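Colleague: Below: sequence and its predicted model.
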Amino acid sequence: NAGVTQTPKFQVLKTGQSMTLQCAQDMNHNSMYWYRQDPGMGLRLIYYSASEGTTDKGEVPNGYNVSRLNKREFSLRLESAAPSQTSVYFCASSPGLAAYEQYFGPGTRLTVT
Amino acid sequence: AQSVTQPDIHITVSEGASLELRCNYSYGATPYLFWYVQSPGQGLQLLLKYFSGDTLVQGIKGFEAEFKRSQSSFNLRKPSVHWSDAAEYFCAVGATSGTYKYIFGTGTRLKVLA
């Protein structure tokens, strides 16, 4: 049982390049999330998907787009990367919203130069 | 507005000593409360959660937390810390009504001295 998987683990981009971070879960969870983690700021929610077919903005959505491809997969796209998007990105999933614990992937460390 | 505060950025304790990590929240109704742990280079893992009922909840790895409504606190405790407990700890609050909210505190980094 893999839980939540993320690819890639590490990525270096130049300013203006685009990329997609992939996330998949095998726990049949309804809800999925994308966070970024920066030193001293904890985790900040970028986007979330309450259920298959829906996505909503979180606290810091600017510069990102998401796709809930199916119940298992939730991708995060950076269309034109900026140095301010250098961060560690975590995907998480849960059975539902708010009242449930979240299960996290191992993270993607992204550097934008 | 809903918020979570972890007042201690860093805490250092000796192995075998007791531990208490503080978490204060601001929310109008009874929230869903969580503690997570993050080891270096890893994602977050749930330690314990509080939804309702008994205000003292037990979690994994010997941790416990107590919900105190009067103090808006949900402090994490462990009677005897092990070197492997060195990690970063996050408190989180889930909203139960209105717009979805699930907010993490900024974390407390625990260092354990041998």
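Modeller: Cool, got the structure. Numbers count the residues shown, from 1 in each chain, chains lettered A, B, ... in the order given.
Colleague: Closest to the centroid, which residue in chain A?
Modeller: Central residue check for chain A by Cα atoms, centre = their mean: the C-alpha nearest the mean position is that of A:Trp34, 2.8 Å away.
Colleague: What pLDDT is listed against that residue?
Modeller: pLDDT recorded at A:Trp34 is 97.
Colleague: same deal with B:Ser97?
Modeller: On the pLDDT scale, B:Ser97 gets 64.
Colleague: just checking, what packs against the helix or strand where A:Ala92 lies?
Modeller: Following DSSP states H and E, one finds A:Ala92 within strand A:87-94. If contacts are counted by 3 or more Cβ pairs under 8 Å, 6 or more residues apart in numbering or on different chains; DSSP states H and E, strand A:87-94 sits against strand A:4-7, strand A:19-25, strand A:31-37, strand A:74-78, strand A:103-104, strand A:108-112. The way it works is simple: take the backbone N, C-alpha and C, and place the C-beta from them, glycine included.
Colleague: cutoff 10 Å now
Modeller: Counting contacts by 3 or more Cβ pairs under 10 Å, 6 or more residues apart in numbering or on different chains; DSSP states H and E, strand A:87-94 packs against strand A:4-7, strand A:19-25, strand A:31-37, strand A:43-49, strand A:74-78, strand A:103-104, strand A:108-112.
Colleague: just the angle between the second one and strand A:31-37, please?
Modeller: This means strand A:19-25. 130 degrees (axes from the mean of the first three to the mean of the last three Cα atoms, to 10 degrees).
Colleague: Now do strand A:19-25 and strand A:74-78, the angle between them.
Modeller: Using the same axes, to 10 degrees: strand A:19-25 against strand A:74-78 is 170 degrees.
Colleague: thinking again about what came up before, among the helices and strands packed on strand A:87-94, which is nearest chain B?
Modeller: Checking the helices and strands packed on strand A:87-94 against chain B by Cβ to the nearest Cβ gives strand A:103-104 as the closest, at 3.2 Å.
Colleague: Return the list of strands paired to the closest one, each annotated with direction.
Modeller: strand A:87-94 (antiparallel) (DSSP bridges).
Colleague: What angle do strand A:108-112 and the partner strand make with each other?
Modeller: Using the same axes, to 10 degrees: strand A:87-94 against strand A:108-112 is 150 degrees.
Colleague: residues from chain B in reach of chain A?
Modeller: Contact residues (Cβ under 10 Å from any Cβ of the partner chain) of chain B with chain A: B:4, B:6, B:9, B:31-32, B:34-36, B:38, B:41-49, B:51, B:88, B:90-107.
Colleague: give me the number of residues near residue 105?
Modeller: Looking at chain A here, since you left the chain open. A:Gly105 has 26 neighbours, counted by other Cβ atoms under 10 Å in any protein chain shown.
Colleague: not what I meant, chain B
Modeller: 24.
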